[in-house]
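S.K.: This is a predicted model, with the sequence first.
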Amino acid sequence: MKKISLILLITGFFSAYSYGQQSDTMTYINPDIQPTFKYDTCSNMLSSLKKYFIYNYKMPDILLDNGYGGSVYVELIIEKDSAISNIKLKRGIDTPLDKSVLERIQTMPKWCPGNDKGKTVRSRVTIPVSIHWLYGKTE
């Protein structure tokens, strides 16, 4: 009888432990508070993204004269620890250009993670990267 009780106790412990682990990997698409990217002194996420790309992205020389227009859309996960993961191209323009944008996103500083019901959560975000930002700072 004691062995059965011990087995049930251990099974219950591991079930509760694994349940908690499953909720840690859940990804929110629309948390109560969306993740944000703060760069320099910008007041909102879009201006932060714009400034980040203007100052940190250099269009590869081979792509400069192609006359691109539009935006590259990238989906990514903002982890609880503010790191970026699972970077995926949602809509691109040209393979070499898309690849260079994805490489720059991989080097972005940490984001402020999303929050749902008072808890920090993993969140999925899709960001637009305007081609105009990719030509860099003009003086």
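M.R.: That came through fine.
S.K.: Give me the helices and strands touching the helix or strand where residue 72 lies, please.
M.R.: Assigned by DSSP states H and E, residue 72 belongs to strand 71-78. Contacts defined by 3 or more CB pairs under 8 Å, 6 or more residues apart in numbering; DSSP states H and E place strand 71-78 against strand 84-91, helix 95-106, strand 119-130. In short, each C-beta sits where N, CA and C put it, glycine included.
S.K.: Quick one: name whatever helix or strand follows the second one.
M.R.: Using DSSP H and E, the helix or strand that directly follows helix 95-106 along the chain is strand 114-116.
S.K.: now that following strand, how far from the centre of its chain.
M.R.: 14 Å (CA atoms, centre = their mean, to the nearest Å).
S.K.: Packing partners of that strand?
M.R.: strand 119-130.
S.K.: Which strands border the strand holding residue 72, and is each parallel or antiparallel?
M.R.: Sheet pairing of strand 71-78 (DSSP bridges) gives strand 84-91 (antiparallel), strand 119-130 (antiparallel).
S.K.: which regions of this protein lie under the pLDDT threshold?
M.R.: 1-24, 62, 136-139 (pLDDT under 70).
S.K.: Just give me how far stretch 54-73 sits from the chain centre.
M.R.: Put simply, stretch 54-73 sits 21 Å off its chain's centre (CA atoms, centre = their mean).
S.K.: Just the endpoints, please. Distance across that stretch?
M.R.: Stretch 54-73 has an end-to-end distance of 17 Å (criterion: CA to CA, to the nearest Å).
S.K.: Buried residues in it, which are they?
M.R.: For stretch 54-73, a neighbour-count test (16 or more other CB atoms under 10 Å) marks 54, 57, 59, 68, 71, 72, 73 as buried.
S.K.: can you check stretch 104-121 too?
M.R.: Buried positions in stretch 104-121, judged by neighbour count with 16+ other CB under 10 Å: 104, 105, 108, 111, 113, 114, 115, 120, 121.
S.K.: thinking again about what came up before, dump the helices and strands packed on strand 71-78 to a markdown table, plus distance to residue 40.
M.R.: Putting those into a markdown table (distance: least, CB to CB, whole Å) gives the following:
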| stretch | distance to residue 40 |
| --- | --- |
| strand 84-91 | 18 |
| helix 95-106 | 16 |
| strand 119-130 | 17 |
